[in-house]
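Visitor: Output the structure for:
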Amino acid sequence: MKTKVLIIGAGPTGLMAACQLKRFGIDCVILDKKEGPTTESRALVVHARSLEIYDQMGIADQAVQEGEVVKGLQFIVHDKMVQHVQLGAVGEGLSPFPFLLILEQSKNEELLYEHLKKLGGDVWWQTELVTVSQEAERCYADVNRNGTSLRIEADWIIAADGGRSTVRHQFHIPFEGDTYEHIFYVVDTKLAWRWGHEALSVYLSKQTFMALFPMKGESRFRIVGILPLEFQNEHPEHFEQLIPYLQKEVEVPLSFSDTSWFSVYRVHHRCVENFRSGRVFFAGDAAHIHSPVGGQGMNTGLQDAYNIAWKLAYVINGFAAEKILDTYNAERLPFAKQLVHTTDRAFSVVSSDDGYNRFLRESVLPVAARFLFRFTVMRQRIFKTISQIAIKYDASQFIQNDSSGKIAVRAGERFPYVQTKEGKSVYDLMPEPNFYAVLFSFNNKKEIEAVKSLQETYPFLHVLDLSDEPKISAVLKIKKETIVVVRPDHYIGLITDKGAAAVTAYFEKMTR
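Guide: Numbers count the residues shown, from 1 in each chain. So this is what the prediction gives:
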């Protein structure tokens, strides 16, 4: 059989890719050897940027309703609270979703799978990839579907098949990195302790590290920590075996009950050198794996899929030249490498046994936390970083700053969250996966008509005139006639004060 895009793996990354392609009407096949969506909770945190994508898809409200909004972040060292931050206040005005959302991977998969079916798609469950190959113009995948061998011919492949990616192995793609010395445990359980259930808690001491994520349900937490030394060689089968050791290591009283999931695992940090190999694109854990610090993994995979899907759709629909596909690696690889490095360093501080890192986590980190969260600018910077709304794509070849004015935004950045004079989100004015030419401070009617006429040549372009929105212009510090071209992913592709001619030149470069 033939398809335009074959997606290997139906975790959050693969499901997001399928949903996005279906939004553009692209024929695709998504397969997975599992029987259905993941039932284990696994990844847990959904950040603001991912929720903004969900909002564009129309599923953000359901995600928030099914999840647990984290109201605070607290650091506990030994038996003392050293810092507590109200997250809603920190992110207010930066995103429509100024918080962390606890929504297990299993529920994200269910949400995305149901949305995919509403769009007319489905997953080939119980279908295992056997071999994969590619030629100059097409790809081939031999699969085993419910015991039947089948060959799939596709124009493109998205490999979203996890950290042990079969696609990556068969194409002999290096996956450079390392494995942490310690073994870790993860458990979903009820916990009664003095620090409550409202905040995401980080507990640090000489003996141990724990991250406690509040889940939906009274006193229910996801807890990630270092496996006690007594179990490094012989892993426990049940969480109850750990409880006496944790109660001894942690310097505050702990009372556990009603454990629903427990696992022991090693943490790796690895990354491919290129997210693209010919007609194959790697996304999510197939491209990068890293420590769980900051809850970045699932969110990064969702955004990998979001980034490559609209570009593939534009190429398939004839709206863009194939060279735009090179921007996937140019945009996502630098962030993935930075993420692997920063989470590795942070994870080493909180988990390492050496004296230097123990000193950092017990003495320096508490002081730094109190200092950094004291200032609004620093709190907002931390929120932007963790929520992934601060990611920039300024190294991409289709990112162009062509304005002589000094304004508050740059091409390559996500179009900032601002509200109209009616109090609506500016994202509500750009709901479809199109390019938008957003006009600011325009009085020249002839030039406005010239920009609007471009919609006849470029059917994927919509014109949005915000010249009567002085509040938005003030936030962006735009004081003269300026056009901001916003991509389907709400990132800025072009900023220009040269009028319709500059917009024309931008799209000619992209389409030829």
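
Visitor: Need the pLDDT of residue 366.
Guide: On the pLDDT scale, residue 366 is placed at 69.

Visitor: List the residue ranges of the stretch 1-150 of the chain that fall below the pLDDT cut-off.
Guide: 88 (pLDDT under 70).

Visitor: the strands in it, which residues?
Guide: Under the criterion DSSP state E, counting those that start in this stretch, strands of the stretch 1-150 of the chain are mapped to 2-8, 28-31, 45-46, 68-70, 72-77, 80-86, 100-102, 123-124, 127-134, 139-145, 148-159.

Visitor: Quick check, residue 192 in contact with residue 258.
Guide: No: taking contacts as C-beta atoms under 8 Å, residue 192 lies outside contact range of residue 258: 10.9 Å. (C-beta placed from N, C-alpha, C; glycine too.)

Visitor: Name the stretch among the strands of the stretch 1-150 of the chain that sits most buried.
Guide: Most buried of these by mean neighbour count (mean count of other C-beta atoms under 10 Å) is strand 45-46; its value is a mean of 28.

Visitor: residues in contact with it?
Guide: Strand 45-46 has contacts (C-beta atoms under 8 Å, 6 or more residues apart in numbering) with 54, 63, 67, 100-103, 108, 213, 294-295, 298-299.

Visitor: And for the residue nearest to residue 36 when sequence neighbours are not counted, the neighbour number?
Guide: Nearest residue to residue 36, sequence neighbours excluded (C-beta to C-beta, 6 or more residues apart in numbering): residue 125, at 5.7 Å. When neighbours are defined as other C-beta atoms under 10 Å, residue 125 has 16 of them.

Visitor: isn't residue 125 right next to residue 38, touching?
Guide: No: assessed by C-beta under 8 Å, residue 125 is found out of contact with residue 38, at 11.7 Å.

Visitor: separation between the residue positioned nearest the centre of the chain and residue 306?
Guide: Centroid-nearest residue in the chain, with C-alpha atoms, centre = their mean: residue 299, separated by 2.4 Å. Distance from residue 299 to residue 306, counting by C-beta to C-beta, to the nearest Å: 10 Å.

Visitor: repeat for residue 501
Guide: 31 Å.

Visitor: try residue 165
Guide: Separation of residue 165 from residue 306 (C-beta to C-beta): 19 Å.

Visitor: Then residue 65?
Guide: 22 Å.

Visitor: next one: residue 498
Guide: Counting by C-beta to C-beta - residue 498 and residue 306 are separated by 30 Å.

Visitor: So the two - more neighbours on which side?
Guide: residue 306 (23 against 15).

Visitor: who are the neighbours in contact with the more buried one?
Guide: Taking C-beta under 8 Å, 6+ apart, we find residue 306 in contact with 16, 20, 53, 489.

Visitor: From those, list just the buried residues.
Guide: Buried members of these, scored by 16 or more other C-beta atoms under 10 Å, are 16, 20, 53, 489.

Visitor: can the residues you listed go into JSON lines with extra columns for distance to residue 483?
Guide: Converted to JSON lines, these look like this (distance: C-beta to C-beta, whole Å):
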{"residue": "16", "distance to residue 483": "30"}
{"residue": "20", "distance to residue 483": "26"}
{"residue": "53", "distance to residue 483": "25"}
{"residue": "489", "distance to residue 483": "18"}
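
Visitor: Please, where are all the strands along the stretch 351-500 of the chain?
Guide: Using DSSP E, counting those that start in this stretch, the strands of the stretch 351-500 of the chain run over residues 400-402, 435-440, 461-465, 482-486, 492-496.

Visitor: Name the residues that touch stretch 165-182?
Guide: The contact list for stretch 165-182 (C-beta under 8 Å, 6+ apart) reads 8-9, 129, 131-133, 157, 159, 161, 226-227, 232, 266-273, 277, 280, 282, 285-286, 289, 291, 340, 347, 351.

Visitor: at 7 Å what do you get?
Guide: Contact with stretch 165-182 is made by 8, 129, 131-132, 157, 159, 161, 226, 266-273, 277, 280, 282, 286, 340, 347, 351, as judged by C-beta atoms under 7 Å, 6 or more residues apart in numbering.

Visitor: Right, I'll leave it there.
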